[in-house]
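# when you get a sec, could you give me coordinates for this:
(chains A and B)
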Amino acid sequence: MIVYRCEDTAESVFTAIYQAYEEKRDHRETYLSLTDDPMLFAEDIEVRADPVKSRKVINTLNRRFGGENSLQLSMALASEEADKAQAVYRTVAAGLAGNCRPGHLFDNLADDYIHRAFALARGVSTETGHQKQFLRFQELENKVLYSCIGPKNDVLVFLMPHFADRLPIENFMIYDEKRNLFGIHPAGGSWYLLRGEEADRPSGIVYSEDEIRYQELFRQFCHTIAIRERKNPKLQQSMLPLRFRKYMVEFC
Amino acid sequence: MEYLITGQEMALEDKLQVLTDAAKYDVACTSSGVERKGNGKSIGNCVAAGICHSFSGDGRCIALLKILLTNECIYDCKYCRNRNSNDIPRATFTPEEICTLTMEFYRRNYIEGLFLSSGIIRNPTFTMELIWRTIWLLRNKYRFNGYVHVKAIPGAAPEVIERAGYLADRMSVNLELPTAEGLRTLAPNKHRKSILTPMRQIQDGIRMNRNDLVLYRNAPKFVAGGQSTQMIIGATPESDYQIINVAEGLYRKFGLKRVFYSAFVNVTEDKALPALPGGPPLLREHRLYQADWLLRFYGFRAEELLDERRPFFNVMLDPKEDWAVRHLEYFPVEINRAPLEQLLRIPGVGVKSAGRIVAARRSGNLTFQDLKKIGVVLKRALYFITCGGRMMYPVKLEEDYLVRQLTDSAERVKFGSDGMSYRQLSLFDDGEFTRPVSPAEQRQAALGQL
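Presented below is the predicted three-dimensional model:
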C-alpha cells in the first residue's frame, strides 16, 4: 500500500496524481493524504508540488473530461474536507480507466469516491453561489469597493471572474478573512489574488460620504418590501443562513 | 418635470419607503432567463440562473429593486392598495432618482437589477412612456448592463411597449384575476382583452425577434428573458382547476416563461372582497406552485391533476402524490428500466435525480442505497418503486394505505424497523438477546431447570 503525502493545494494533489500514474501504481492500493496521520502497513511518499506535472494533469483532465467536469474537480479540491484528495484521485482514475466521455465523469454516482467528489464539488459550488448572492461591497473613501467574506471553503478564486465580469470599470477588493487572502481587481485591468501576512489584515476602514446613506436606504428597502401578513422567519433563515448575516449591511 | 403631481419635495428616503411599500405585493422578483456577459465598458451582466441577493422577513427573495415609478393611479381596482379612492401617501420618483438608486445598489451587490412598475398616471400610454424614458436613461446614460424587468401597461400604445421591450430583459402584464367575471367585479377599469393584447404583442415580438437573430447575430434583443404574469389567489371564488387551466393556456398559447400566484392579502378592506380570518391562503398558493412545476418540468397536463369533479387540490398530499395514489396502475416503477418520463412521475423523484438515475444506471444496476446518494427522497418514493424487481419493504399498493403512510409521519415505515439498516450485521441483532429476563426464568436458571 502506497500513501502519497501532499500539501493542501491543487498543484500538490495534481502532482501526486501524476506521480501515481508515472510510477504505475495499482489505484486500489494507493492513497492520497493531506495529513500526516500514519496508516498501517503503508509506504509513505512525500510529494513536492511541481507546476509542470500539475499542468500536464490539468490539460489531460480538460481534454478527457471537458471543461465543466474539470472545474468540478477543482471545486472539490477547494473544499475544506480532508478526504478531498483521495476522492478526486479515485474519481480521475475511474474516469480515465472507464474511458468516460467529456461531461460524464460524475455519471456513476453509485461509486463511493465519485459520489464523494461530486458532493464536495457541489458543496463548494453552492457556497460560491451563496457568496455571489450575499457578498456586499462597501465604498471606501477613495471610491474603492471593499468586501469582507468568511467562507467555509476556499471560494475566492471562483468568485473573482464573476465580479470582474460584472464590474469591469470598478476598483474592487474582496478579502477572505479566514484565509487572509485578497482578491484584487483594478479598474479596466485583470484580477489577481494576493496572500497577506498577519500585518496586512485591513483595519481602520473609512467609508465614503454616501456609503452610510445607501446602506440605510437598502436596509429600509429590505424592511419595507416584506409583507407583514406573510411573515416567515424560518423560511428566511433557510434561504439565508445566519452565518452570512454578519457580513451583510442589511442585517447589521 | 411637468408630470410630477405630488411628492416633489419629498426626501429620497421617504419616496423609497412609499413606493416600495406600494410595489411589494407584486410577486415577480426573478432575475433569471438571460445570460449576458459584461462588455468591459459598463456595469453589469446577467446570469441565466438568476441571483437572489437577500431574503426579506417573509422569506421571499430580494433580487431586484422592486419599486413603482409612482403610486398615483387613476384606476380603482378594489384589491389594490394604490386605488385612487384609498387615502395613502403618494409619491413619484424622477427617472434620475431611479437610475442613481439602481446603479448605487447594483455596484454594492445589493440587487441584480431593476423591477419597475407603476400606477396609471393620466393614461396608460403616458405611463408607459415614462417607464420607457426611465429605462432608456438607465441603459444609455448610466450604461447599466444588468437585469431590467418592466411592466407593460395594458391599454398603452403598442409602439411604446415595443420600444420598452428592446431595453428590458423581461416584461410582464398582470392577469390579476383568472376569469373575466372576477376582473369585472374587482377591477372595473381593466378588461381581459386589454390585458391579453399586450401579452400577445410581446409574444409576437419575441417570436419575430428570434427570426431576426438568426439572420443578424447582433440584432437588438427583444424581451430576451421572456414574459411573465401573475394571478391573485383567493380574492374571487375560482377553483384551483380553473386557475391551472388558465396557467396551462398561458404557457401553451402565449409562450409565457412564468405564471406567478399571489395569495390574496386583504389590504383595502373593501366590502366586495372576502374576509380572510386565517390570513392569506398560503398553502393553496404553495399547492398551485407545485402544480405549476409539474406542468412545466414534469410533463403533466392540467386535466390529469384536477377535473370538474375534484376542482381543488388535496390539502394533505402534494399534487404529485395525489396523482400517484389515484393512478396506482402505473406503479410500481422499476428504477433500472423505466424511461425518463415515467421516472419523473414518481413522488420523491425530481428532475435532477431522474436525470442522475438515467446517467448512473448505465454503469450498473442501482440499489436503494444508491438512490439515496443520488438524492431521491426515499420516504416518499419507496411506495412507488422497485429496484431490481424488489420493493424496499413489503407495501400494499392500495389507495387508503398509501394515503395513510404518506400523510401520517408517525405511521411511516422507519428505516431499520424491519432489520434493514445501514449498520453492519451483528450477532446481537436478534431481538431475543435484549429482552429483559423474567423472574420465572431467573428462578428456573437458579434451580438448573432452564
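# I'd say B:Asp322 and B:Phe313 touch.
Yes: the pair B:Asp322 / B:Phe313 is scored as a contact, 7.0 Å apart, by Cβ atoms under 8 Å. In short, each C-beta sits where N, CA and C put it, glycine included.
# which neighbours do those two share?
With contacts taken as Cβ atoms under 8 Å, 6 or more residues apart in numbering or on different chains, B:Asp322 and B:Phe313 have B:Leu305 as neighbours in common.
# B:Gln201: which element?
For B:Gln201, the host element (DSSP states H and E) is helix B:192-215.
# who does that helix touch, helix- and strand-wise?
Packing partners of helix B:192-215 (3 or more Cβ pairs under 8 Å, 6 or more residues apart in numbering or on different chains; DSSP states H and E): helix B:158-165, helix B:180-186, strand B:227-233, helix B:240-254.
# point me to the residue of chain A nearest chain B.
Chain B sits closest to A:Leu235 of chain A, with a gap of 2.9 Å, by Cβ to the nearest Cβ.
# you'd agree that residue is up against B:Gly59?
Yes: here A:Leu235 reaches B:Gly59: they are 2.9 Å apart, a contact under Cβ under 8 Å.
# any residues in contact with both of those two?
With the criterion set as Cβ under 8 Å, 6+ apart, the contacts of A:Leu235 and B:Gly59 do not overlap.
# one step back: so how far is B:Phe115 from the residue of chain A closest to chain B?
Separation of A:Leu235 from B:Phe115 (Cβ to Cβ, to the nearest Å) stands at 21 Å.
# surely B:Leu65 is within a helix?
No: going by DSSP: H, G, I helix; E, B strand; the rest coil, the assignment for B:Leu65 is strand, not a helix.
# give me the contact list for stretch B:354-361.
A:104, A:107-110, B:335-336, B:340, B:343-344, B:349, B:366, B:370-371, B:374-376.
# also stretch A:74-85?
Outside stretch A:74-85, the residues that touch it by Cβ under 8 Å, 6+ apart are A:6, A:10, A:13, A:16, A:32-35, A:87-88, A:91, A:116-118, A:120-121, A:123-125, A:128, A:152-155, A:157-158.
# what of stretch A:225-237?
Contacts of stretch A:225-237 (Cβ under 8 Å, 6+ apart): B:20, B:23-25, B:55-60, B:62, B:66, B:263, B:265, B:279-280, B:282.
# more neighbours, A:Leu235 and B:Phe115?
Set A:Leu235 next to B:Phe115 and count neighbours by other Cβ atoms under 10 Å in any protein chain shown: B:Phe115 wins out with 25 against 15.
# contacts only, for the more buried one.
If you count contacts by Cβ under 8 Å, 6+ apart, then B:Phe115 has B:Ala23, B:Asp26, B:Ala28, B:Cys29, B:Leu64, B:Leu65, B:Lys66, B:Ile67, B:His149, B:Val150 around it.
# and the last one, what element?
Here B:Val150, judged by DSSP H and E, is contained in strand B:147-151.
# any idea how far that strand is from the middle of the chain?
Relative to the centre of its chain, strand B:147-151 is centred 17 Å away, using Cα atoms, centre = their mean, to the nearest Å.
# what average pLDDT does that strand get?
Averaged across strand B:147-151, the pLDDT comes to 95.
# which strands or helices does it pack on?
By 3+ Cβ pairs under 8 Å, 6+ apart, strand B:147-151 packs against strand B:113-117, helix B:124-140, strand B:170-172.
# strands paired with it, and their directions?
strand B:113-117 (parallel), strand B:170-172 (parallel) (DSSP bridges).
# got the buried residues for the helix or strand hosting A:Ser54?
If you go by DSSP H and E, A:Ser54 is part of helix A:51-77. The neighbour-count check on helix A:51-77 (16 or more other Cβ atoms under 10 Å in any protein chain shown) flags A:53-54, A:56-58, A:60-61, A:64-66, A:69-77 as buried.
# secondary structure class for B:Gly40?
At B:Gly40, secondary structure determined by three-state DSSP is coil.
# what's the neighbour count on the nearest residue to it once chain neighbours are set aside?
Excluding its sequence neighbours, the residue lying closest to B:Gly40 (Cβ to Cβ, 6 or more residues apart in numbering or on different chains) is A:Pro168, at 4.8 Å. Neighbour count for A:Pro168, taken as other Cβ under 10 Å: 21.
# by mean pLDDT, show me the worst of the helices and strands packed on helix B:192-215.
helix B:180-186 (a mean of 90).
# for chain A, what's the nearest residue on chain B?
For chain B, Cβ to the nearest Cβ, closest residue to chain A: B:Gly59, 2.9 Å.
# which ones are touching that residue?
Contacts of B:Gly59 by Cβ under 8 Å, 6+ apart are A:Arg230, A:Asn232, A:Pro233, A:Lys234, A:Leu235, A:Gln236, A:Met239.
# can you lay out those as TSV showing pLDDT and secondary structure?
What follows is those, written out as TSV (pLDDT from 0 to 100; DSSP: H, G, I helix; E, B strand; the rest coil):
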residue	pLDDT	secondary structure
A:Arg230	91	helix
A:Asn232	92	coil
A:Pro233	93	helix
A:Lys234	94	helix
A:Leu235	93	helix
A:Gln236	94	helix
A:Met239	93	helix
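# can you say which of those are buried?
A:Arg230, A:Asn232, A:Gln236, A:Met239.
# closest to B:Val246 out of these?
A:Arg230 (23.2 Å; Cβ to Cβ).
# let me know the secondary structure of the residue nearest to B:Gly40.
Here A:Pro168 takes the coil state, with states given by three-state DSSP.
# please report how far B:Ala48 lies from A:Ile212.
In terms of Cβ to Cβ, B:Ala48 sits 35 Å off from A:Ile212.
# show me where the stretch 1-150 of chain B has its helices.
Using DSSP state H, counting those that start in this stretch, the helices of the stretch 1-150 of chain B run over residues B:12-23, B:95-107, B:124-140.
# try the stretch 51-200 of chain A
Under the criterion DSSP H, counting those that start in this stretch, the stretch 51-200 of chain A carries helices at the ranges A:51-77, A:84-97, A:112-134, A:156-166.
# now for the last one, which elements pack on it?
Under the contact definition 3+ Cβ pairs under 8 Å, 6+ apart, helix A:156-166 sits against helix A:112-134, strand A:172-176, strand A:181-185, strand A:192-195.
# avg pLDDT for the last one?
Per-residue pLDDT values across strand A:192-195 average out to 92.
# same thing with the first one?
Mean per-residue pLDDT for helix A:112-134: 95.
# contacts for that helix, please.
By Cβ under 8 Å, 6+ apart, helix A:112-134 touches A:72-73, A:75-76, A:78-79, A:81, A:83-84, A:86-88, A:90-91, A:94, A:105-106, A:108-109, A:149, A:151-153, A:155, A:158-159, A:162, A:240-241, A:244, A:247-248, B:47, B:51-54, B:373.
# just the CA atoms of stretch A:88-108, as CSV, please.
What follows is stretch A:88-108 as a C-alpha-only set of coordinates in CSV (Å, rounded to 0.1, in the frame of the first residue of the first chain):
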residue,chain,number,x,y,z
VAL,A,88,-10.6,13.4,-6.6
TYR,A,89,-7.8,10.9,-7.3
ARG,A,90,-10.1,7.9,-7.4
THR,A,91,-12.7,9.8,-9.5
VAL,A,92,-10.0,10.7,-12.0
ALA,A,93,-8.7,7.1,-12.0
ALA,A,94,-12.2,5.7,-12.6
GLY,A,95,-12.8,8.2,-15.4
LEU,A,96,-9.6,7.5,-17.2
ALA,A,97,-9.9,3.8,-16.8
GLY,A,98,-13.6,3.8,-17.9
ASN,A,99,-12.9,6.0,-21.0
CYS,A,100,-15.8,8.2,-20.0
ARG,A,101,-16.9,10.8,-22.5
PRO,A,102,-16.4,14.5,-21.7
GLY,A,103,-19.1,15.8,-19.3
HIS,A,104,-19.9,12.3,-18.0
LEU,A,105,-17.3,11.9,-15.3
PHE,A,106,-19.8,12.0,-12.4
ASP,A,107,-22.4,9.8,-14.0
ASN,A,108,-21.8,6.8,-11.8
